[in-house]
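Undergrad: the sequence and its predicted three-dimensional model are supplied below.
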Amino acid sequence: MNGIINVLKPSAMTSHDVVNFIRKTLNMKKVGHTGTLDPNAAGVLPICIGKSTKLIEYIQYENKKYRTELTLGFSTDTQDKYGKILDKSKKNVSKDTIIEVINSFVGKTTQIPPMYSALKHNGKRLYELARKGKSVERKSREIYIESIDIVTIKNNKIIFDVTCSKGTYVRTLCNDIGEKLGTFGHMSFLERLKVGDFEVKFSHTLESISRKVESNDFSFILPMDFAVKSMEKFIIDKKFYKHISNGLNIDTERLRIYKFKLDTEYKIYCDETFIGIGSIVFKNNCTVLKMNKVLI
């Protein structure tokens, strides 16, 4: 069984807990998630099963969309509502200032990852060190905020949708917005609405997945090529199936591939069957199809 499940992760459950649930429900070992979602957050968590686990990296690098609530007035050590209060402020900020400051974060910016994160320092998870009261220096990282759409501003609470690059911490974004407003803030709610082409409105709860499996209904499992839905494709003749399965490079002339971009990845199909991802490279004075991921 191969494919991807668009899971609606519930809050108070880790991403790894979801993986274990799918393993047990489908009686499979080869299961993996495509990017950690905070235990207290809910939302889209694509789960790859079988051979599709080879495509996890492609989903991981997709932009994510979140709905979050920023509460102004105090900051916490975890940058969310579950942490210890660090600083407080009673400063009132105008609605126009809030809109201006939030919009200033759109585009390329830098962010220092929080101590309460799954990143590693000398082999230890940062959150493990933070729980022991330790803090280590973290390098700022470049992130990209594609868009921020403010939903509501009511008193000290701001709800907004943010579409951002891989590696963006929404908790830290809320904290940084609070600081730039000259006050303090923390993230009080988080839901992941989208990961690439995986949308929350098409996601499945763990309960519904369990019921469907009991009814021998596996319609909730998406085909493997959904992971790279927007990638261009090439269809090759079935006579090259064995060559591809053995990972051999094949001359583009033999494949009758004439229009392509060098060093660009393409979905590769044999007739109507998705068999992997390859790129056209220049080798030994000719252009060849080189398979990067073989899924057969």
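TA: Sure thing, it's come through. Numbering: from 1, shown residues only.

Undergrad: need the three-state assignment for the closest residue to Thr78 other than its chain neighbours.
TA: Leaving aside its sequence neighbours, Thr78 sits nearest to Tyr116 (CB to CB, 6 or more residues apart in numbering; 4.4 Å). Backbone N, C-alpha and C define where each C-beta goes, glycine included. Assigned by DSSP: H, G, I helix; E, B strand; the rest coil, the conformation of Tyr116 is coil.

Undergrad: list the contacts of Tyr116.
TA: The contact partners of Tyr116, taken as CB atoms under 8 Å, 6 or more residues apart in numbering, are Asp77, Thr78, Gln79, Gly83, Leu126, Tyr127, Ala130, Arg171.

Undergrad: let's have those in TSV, adding secondary structure, pLDDT and neighbour count.
TA: Listed next are the contacts of Tyr116 as TSV, based on DSSP: H, G, I helix; E, B strand; the rest coil; pLDDT from 0 to 100; neighbours: other CB atoms under 10 Å:
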residue	secondary structure	pLDDT	neighbour count
Asp77	coil	93	17
Thr78	coil	93	22
Gln79	coil	95	25
Gly83	coil	92	17
Leu126	helix	84	20
Tyr127	helix	82	15
Ala130	helix	82	18
Arg171	helix	96	25
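
Undergrad: for the top strand by length along the chain, name the packing helices and strands.
TA: Longest strand in the chain by number of residues, with DSSP state E as the criterion: strand 141-154. Strand 141-154 sits against helix 95-103, strand 107-111, strand 157-164, with contacts defined as 3 or more CB pairs under 8 Å, 6 or more residues apart in numbering; DSSP states H and E.

Undergrad: Thr264: how many residues sit nearby?
TA: If you count neighbours by other CB atoms under 10 Å, Thr264 ends up with 11.

Undergrad: list the contacts of it.
TA: Thr264 neighbours (CB under 8 Å, 6+ apart): Glu232, Ser279, Ile280.

Undergrad: hmm, back to that, tell me the most buried of the helices and strands packed on strand 141-154?
TA: Highest mean neighbour count of the helices and strands packed on strand 141-154: strand 157-164, a mean of 20 (counted as mean count of other CB atoms under 10 Å).

Undergrad: strands paired with that one, and their directions?
TA: strand 64-72 (antiparallel), strand 141-154 (antiparallel) (DSSP bridges).

Undergrad: quick one: terminal-to-terminal distance for stretch 226-234?
TA: 15 Å (CA to CA, to the nearest Å).

Undergrad: may I see the buried residues of it?
TA: By 16 or more other CB atoms under 10 Å, the buried positions in stretch 226-234 come out as Phe226, Ala227, Val228, Phe234.

Undergrad: could I get those as JSON lines with pLDDT and distance to Gly247?
TA: Converted to JSON lines, the buried residues of stretch 226-234 look like this (pLDDT from 0 to 100; distance: CB to CB, whole Å):
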{"residue": "Phe226", "pLDDT": "97", "distance to Gly247": "24"}
{"residue": "Ala227", "pLDDT": "96", "distance to Gly247": "20"}
{"residue": "Val228", "pLDDT": "96", "distance to Gly247": "19"}
{"residue": "Phe234", "pLDDT": "92", "distance to Gly247": "16"}
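
Undergrad: circling back to that earlier point, and of the helices and strands packed on strand 141-154, who's closest to Lys30?
TA: Closest of the helices and strands packed on strand 141-154 to Lys30 is strand 157-164, at 29.6 Å (criterion: CB to CB).

Undergrad: show me what the closest one is in contact with.
TA: 63-72, 98, 102, 143-152, 168, 170, 173, 188-189, 193-194.

Undergrad: of those, buried ones?
TA: For the contacts of strand 157-164, buried by 16+ other CB under 10 Å: 63-72, 98, 102, 143, 145, 148, 150, 168, 170, 173, 188-189, 193-194.
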